[in-house]
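Asks: Coordinates only, no sequence provided:
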């Protein structure tokens, strides 16, 4: 069973996304910040990271940069609803440049999340992305 690390600072979304993923049979660990996510990845093997971009105490961009130093960096899906001063497009383009395999635009459905996860774990096939998602 693939190991997924879910990184989200909103506790309600963290629980909702975990429920979707566990319901589909994935093993899920959770972190509320990029810093705690990096500690988790150093302690346990992770196949896939799903991370919010804008978080306190180590955002998704910091996490993407620091993951490059890991001996075996997992695939990454980033998600964002955008920021106050930066467009979603800018945030997501930057995440892709830092190595994100797929992108989810909040809000997204359970179906979109699970399809994006399946594709990222399978190597990110180049198919048309579902609504609210972009993949390599």
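Replies: Alright, I've got the coordinates. Because the structure is a prediction, the values reported are computed rather than measured. Residues are numbered from 1 along each chain as shown.
Asks: What ranges does the protein have for its helices?
Replies: Along the chain, the segments classed as helices by DSSP state H run 11-23, 34-43, 60-67, 88-97, 110-121.
Asks: Can you list the helices and strands that the fourth one packs against?
Replies: When contacts are defined as 3 or more CB pairs under 8 Å, 6 or more residues apart in numbering; DSSP states H and E, helix 88-97 packs onto helix 60-67, strand 75-80, strand 102-105. All C-beta spots, glycine's among them, are computed from the backbone N, C-alpha and C.
Asks: I'd like to check the angle between that helix and helix 60-67, please.
Replies: Using axes from the mean of the first three to the mean of the last three CA atoms, to 10 degrees, one finds that helix 88-97 and helix 60-67 are set 10 degrees apart in direction.
Asks: any chance of the helices of the chain in a markdown table, with distance to residue 5, mean pLDDT and mean neighbour count too?
Replies: Formatted as a markdown table, these follow (distance: least, CB to CB, whole Å; pLDDT from 0 to 100; neighbours: other CB atoms under 10 Å):
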| stretch | distance to residue 5 | mean pLDDT | mean neighbour count |
| --- | --- | --- | --- |
| helix 11-23 | 11 | 97 | 15 |
| helix 34-43 | 6 | 92 | 18 |
| helix 60-67 | 10 | 88 | 20 |
| helix 88-97 | 16 | 75 | 16 |
| helix 110-121 | 12 | 95 | 18 |
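Asks: Report how many residues lie close to residue 28.
Replies: When counting by other CB atoms under 10 Å, one arrives at 19 neighbours for residue 28.
Asks: so how far is residue 81 from residue 44?
Replies: The span separating residue 44 from residue 81 equals 28 Å under the rule CB to CB, to the nearest Å.
Asks: who has more neighbours, these two?
Replies: Neighbours of residue 44 and residue 81, each counted by other CB under 10 Å, are more numerous for residue 81; the result is 16 against 10.
Asks: and the residue most central in space within the chain, what does it touch?
Replies: Closest to where the C-alpha atoms of the chain average out (CA atoms, centre = their mean) is residue 50, at 1.9 Å. With contacts defined as CB atoms under 8 Å, 6 or more residues apart in numbering, residue 50 is in contact with 4-7, 17, 76-79, 104, 113, 117.
Asks: between those, which is closest to residue 30?
Replies: Using CB to CB, the shortest approach to residue 30 within the contacts of residue 50 belongs to residue 6, at 5.1 Å.
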